[in-house]
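[1] sequence first, predicted model second:
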Amino acid sequence: GQVGLLEQRVRGGAPAQDFAKAIAHLRESVAGANAAGDLAGLTARLEKLGDSVGELTEKQSAEAKAASAEALAEREKLVAEAEALAAQDPAKAQWKQVTAQLDSLFARWQTAQKDGPRLSKNDSNELWKRFRTARTTIESHRKAFFAELDGVHKEARSRKQELVERAEALASKGTAAIPDYRRLLDEWKLAGRAGKR
């Protein structure tokens, strides 16, 4: 019964590493069995099963190498995409899109790490370092961009605040101040954006 069960598991493609111990144990059991029946036939089945397990081990090993190579190529692709995002000109980047793309890449990385085949430690560490460096570069560019933008907005806000004060001072002059007021409007347009708020 145990030999039959092992034969079914081998035909089903279960992991070959599980079988070697079980076959060795069954060989010892059959060799030392105090039983009647076709023990020679059972031993022959175990030998044949051992050969099948050897072939299954080779096949599964080749499949594992192929899956590992494919996973390595996929992770390298993710790293290349992250590095391409990091290489963009920060002044021209659409930060909402860049952040969404980076988050998507990171989610794909985590899924591959969790569910995909394991990579060698060296390959995995090197790829992660490159990915992490790209992420850090993007984050530092984004922070620098928004810090600069805040500075520009702050300057524009102070200029516009000054223009508001000058316009309020003109209100008491009535229609005589219309040309001055129009000049203030032109200065307002040239002052730049101060942020929506």
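    Sure thing, it's come through. Residues are numbered from 1 along each chain as shown.
[2] which other helices and strands does the helix or strand of the chain with the lowest mean pLDDT contact?
    Using mean pLDDT, DSSP states H and E, helix 19-31 stands out as the lowest-scoring helix or strand of the chain, at a mean of 71. Applying 3 or more CB pairs under 8 Å, 6 or more residues apart in numbering; DSSP states H and E, one finds that helix 19-31 contacts helix 2-11, helix 39-87. The way it works is simple: take the backbone N, C-alpha and C, and place the C-beta from them, glycine included.
[3] reformat those into CSV and put distance to Gly192, mean pLDDT and mean neighbour count next to each item.
    Shown next, in CSV, are the helices and strands packed on helix 19-31 (distance: least, CB to CB, whole Å; pLDDT from 0 to 100; neighbours: other CB atoms under 10 Å):
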stretch, distance to Gly192, mean pLDDT, mean neighbour count
helix 2-11, 73, 75, 14
helix 39-87, 28, 82, 15
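[4] Asp103 is nearest to which of those helices?
    Across the helices and strands packed on helix 19-31, Asp103 has its closest neighbour in helix 39-87 (11.1 Å, CB to CB).
[5] so which elements touch the closest one?
    Applying 3+ CB pairs under 8 Å, 6+ apart, we find helix 39-87 packed against helix 2-11, helix 19-31, helix 95-115, helix 121-170.
[6] can you give me the angle that helix makes with helix 121-170?
    30 degrees (axes from the mean of the first three to the mean of the last three CA atoms, to 10 degrees).
[7] before we move on, the earlier item: in JSON lines, list the helices and strands packed on helix 19-31 along with distance to Val30.
    Output for these, formatted as JSON lines (distance: least, CB to CB, whole Å):
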{"stretch": "helix 2-11", "distance to Val30": "8"}
{"stretch": "helix 39-87", "distance to Val30": "5"}
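[8] farthest residue from the center of the chain?
    Ala176 (64.9 Å; CA atoms, centre = their mean).
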